[in-house]
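**Q** My questions are about this predicted structure, shown below with the sequence.
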Amino acid sequence: MSLKIRLTRGGAKKRPYYRIVVAESRFARDGRFVEHIGTYNPMLQKDDPKRVTFDAERAKHWLKMGALPSDRVAYFFSKAGLCEAPKRHDQTKQDKPKAKAQERMKAQADAAAKAAAEAPAQ
């Protein structure tokens, strides 16, 4: 039985409201869960204390029992000091030049540096 602490979606269309629940990983996102431990309302301002609420004692209990938080829930828990912040993934490399273009840029930079080093010597 692999437990996850994750969000289940509620609320109307374009008005999301999430509950923080402990559920088995094989259960559907909005399906059965073991325990409801908090809420997350993204419609509130970021500095509003009611935006994220959860029972810290129950969260500690489930973390101790081996439940793994999702990335978003781990971020909430890290702000409360319950666990480490999740590692942020790097963006894709699609915006960077391809390998041959990088080689050409490097060769041009080397040539410019070499020319600059020879110019003062003359």
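**A** All right, it came through fine. Numbering: from 1, shown residues only.
**Q** Look up the closest residue to the residue sitting nearest the centre point of the chain, ignoring the ones flanking it.
**A** Nearest residue to the geometric centre of the chain (CA atoms, centre = their mean): D71, 4.7 Å. Spatial nearest neighbour of D71, chain neighbours left out: P86 (4.9 Å); criterion: CB to CB, 6 or more residues apart in numbering. Every residue, glycine included, has its C-beta placed from N, CA and C.
**Q** show me the contacts for the one you found.
**A** D71, A74, Y75, S78 (CB atoms under 8 Å, 6 or more residues apart in numbering).
**Q** One more pass at 7 Å, please.
**A** D71, A74, Y75 (CB atoms under 7 Å, 6 or more residues apart in numbering).
**Q** Then F27?
**A** Contacts of F27 (CB under 7 Å, 6+ apart): F33.
**Q** Can you tell me which helix or strand of the protein has the lowest average pLDDT?
**A** The helix or strand of the chain with the lowest confidence, counting by mean pLDDT, DSSP states H and E, is helix 99-121 at a mean of 88.
**Q** Which elements pack onto that helix?
**A** Using 3 or more CB pairs under 7 Å, 6 or more residues apart in numbering; DSSP states H and E, no helix or strand is in contact with helix 99-121.
**Q** In the protein, mark out all the strands, start to finish.
**A** Secondary structure of the chain by DSSP state E: the strands cover 3-12, 15-24, 35-40, 52-54, 68-69.
**Q** The third one pairs with which strands, and in what direction?
**A** I take that to be strand 35-40. Here strand 35-40 has these sheet partners by DSSP bridges: strand 15-24 (antiparallel), strand 52-54 (antiparallel).
**Q** Including distance to M105, mean pLDDT and mean neighbour count, could the strands of the chain go into CSV?
**A** What follows is these, written out as CSV (distance: least, CB to CB, whole Å; pLDDT from 0 to 100; neighbours: other CB atoms under 10 Å):
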stretch, distance to M105, mean pLDDT, mean neighbour count
strand 3-12, 43, 94, 17
strand 15-24, 44, 95, 18
strand 35-40, 45, 95, 18
strand 52-54, 45, 95, 18
strand 68-69, 42, 93, 18
